[in-house]
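# here is a sequence with its predicted model. Questions after.
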Amino acid sequence: MLKSIFPTLGRLRFVVQVLMLVFTVYGAALVGHYAAEKITGALPALSCAYDMQNAAYCVLIPTQHQVHHRIGEGLVRAQEFTFAIVLPLVFTVLTFFAFFFLLGKTFCGWICPLGTLQELLGRIGRRFHIGPRRLEAGDLVENRKVRPVKWLMLLVLVFLLPLLAGLGIAPHSLGNPYCDVCPSRIATTLLTGNTEQLALRVDDGVSFALGAAANALIGFMLVGALAIRQPFCRICPMLAFNALFQRLSPMRLAKPVRHANCGQCTICAEACPMDIREVATEQGRRAYHEDCTLCGRCVEFCPQDGTLSLKWGPFKLFSSRREYYKNRVKGELPDGTVKPMKFVRREATAANP
């Protein structure tokens, strides 16, 4: 039957063409405008959308609209987003990596102003016979409990709360919560004679709470640093941030092998201002702990030749030496206690009784 009606494929195609011509030109008059819109909005044929009687229109018209109103305008917004957000962030990160690649975590142990202030306060405390508070065996457990705090501060105060504030979920006053509690903000501005950062803001409860926390932290640091070595460094999110990338920098602490006395004398661990015991008990990467600031004190006070060293790539910048250690402890003990200055009294002579 079908073969007698459509003896050739060409005739079948022609009939289909005629039917589709009627449907695509006048179909809306048959099925109604509402049904016509529901049938398809993306017909893969040149069925013009400008035909008001059309039952289905060409996919090219919605494609152009999507390219124009979605992709084109979206790219413009993406470009604005890129220039306003992405590029500044990228340059900030690249600048960080450029500096960090050269010097690594020495920024914590050698350059950070807050770390320097804590060390100076510690020296003052030693001069007045305050401290140092040494961590005993039981205290080491507490020290390990404190270590995760810096990661929590990095995650919550540096990343999570500012993001939530930007999304409108958290209050606007949480836009830079770490800076609002950072003791460096108060300490360094006080050194310039500016006391404004000590004032508590009463704009809202969040701002007041952050200001109070900042004053409490700076008080804790100023008093604690007299007896405890580097108290704030132990919870500093910048130390955690640097620890994320410490393997990317050629600047590092190297302990390729353990000496026979390692883990027994523990002088290097006693010299460490961050109380890192792993430097005495471990070797290789484990000795270069995430809390290490590359201050180099463990290398200075190691009494064994070449056991510890500060390296930049393949180059040894400073290595432990027994003779250096003997001279070093003449003026300062490993735990930071400064030996009293010796004054020489002249003997009375017959000429000058």
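Arrived safely.
# please make it C-alpha for all contacts and neighbour counts, starting now.
Noted.
# which element follows the worst-scoring helix or strand of the chain on mean pLDDT toward the C-terminus?
When each helix and strand of the chain is scored by mean pLDDT, DSSP states H and E, helix 33-39 comes last, with a mean of 63. Counting by DSSP states H and E, the element after helix 33-39 in chain order, helix or strand, is helix 60-65.
# how far does the next helix or strand after that following helix sit from the chain's center?
The element immediately downstream of helix 60-65 (helix or strand, assigned by DSSP H and E) is helix 73-81. Offset of helix 73-81 from its chain centre (C-alpha atoms, centre = their mean, to the nearest Å): 28 Å.
# which elements pack onto helix 73-81?
If you count contacts as 3 or more C-alpha pairs under 8 Å, 6 or more residues apart in numbering; DSSP states H and E, helix 73-81 packs onto no helix or strand.
# next SSE after that helix?
Counting by DSSP H and E, the next helix or strand C-terminal to helix 73-81 is helix 87-103.
# excluding chain neighbours, what is closest to the residue nearest the centre of the chain?
The residue lying closest to the centre of the chain (C-alpha atoms, centre = their mean) is Phe241, at 3.4 Å. Excluding its sequence neighbours, the residue lying closest to Phe241 (C-alpha to C-alpha, 6 or more residues apart in numbering) is Leu154, at 7.2 Å.
# show me the domain layout of the chain.
If you go by automatic domain parsing, the domain ranges for the chain are 2-58, 104-241, 250-328.
# most packed of these?
The highest average neighbour count among those, using mean count of other C-alpha atoms under 10 Å, belongs to domain 250-328 at a mean of 19.
# confirm Phe318 sits in a strand?
Yes: judged by DSSP: H, G, I helix; E, B strand; the rest coil, Phe318 forms part of a strand.
# and it, how far from Cys302?
Distance of Phe318 to Cys302, computed by C-alpha to C-alpha, to the nearest Å: 12 Å.
# go on, Asn261?
Distance, Asn261 to Cys302, by C-alpha to C-alpha: 11 Å.
# Ala225 too?
Ala225 sits 24 Å away from Cys302, going by C-alpha to C-alpha.
# is it true that Leu121 touches Ile228?
No: counting by C-alpha atoms under 8 Å, Leu121 does not reach Ile228; the two are 9.7 Å apart.
# mind listing what the residue nearest to Arg126 when sequence neighbours are not counted touches?
Leaving out its chain neighbours, the residue that sits closest to Arg126 by C-alpha to C-alpha, 6+ apart is Thr337, at 5.7 Å. With contacts defined as C-alpha atoms under 8 Å, 6 or more residues apart in numbering, the neighbours of Thr337 are Arg123, Arg126, Pro132.
# and if you look at Trp312?
Pro250, Met251, Arg252.
# go again with 6 Å.
For Trp312, the contacting residues are Pro250, Met251, by C-alpha atoms under 6 Å, 6 or more residues apart in numbering.
# in the sheet, who's paired with it?
Assessed by DSSP bridges, Trp312 has beta-bridge partners Met251, Phe315.
# now it: how far from Ser249?
The gap separating Trp312 from Ser249 is 8 Å, by C-alpha to C-alpha.
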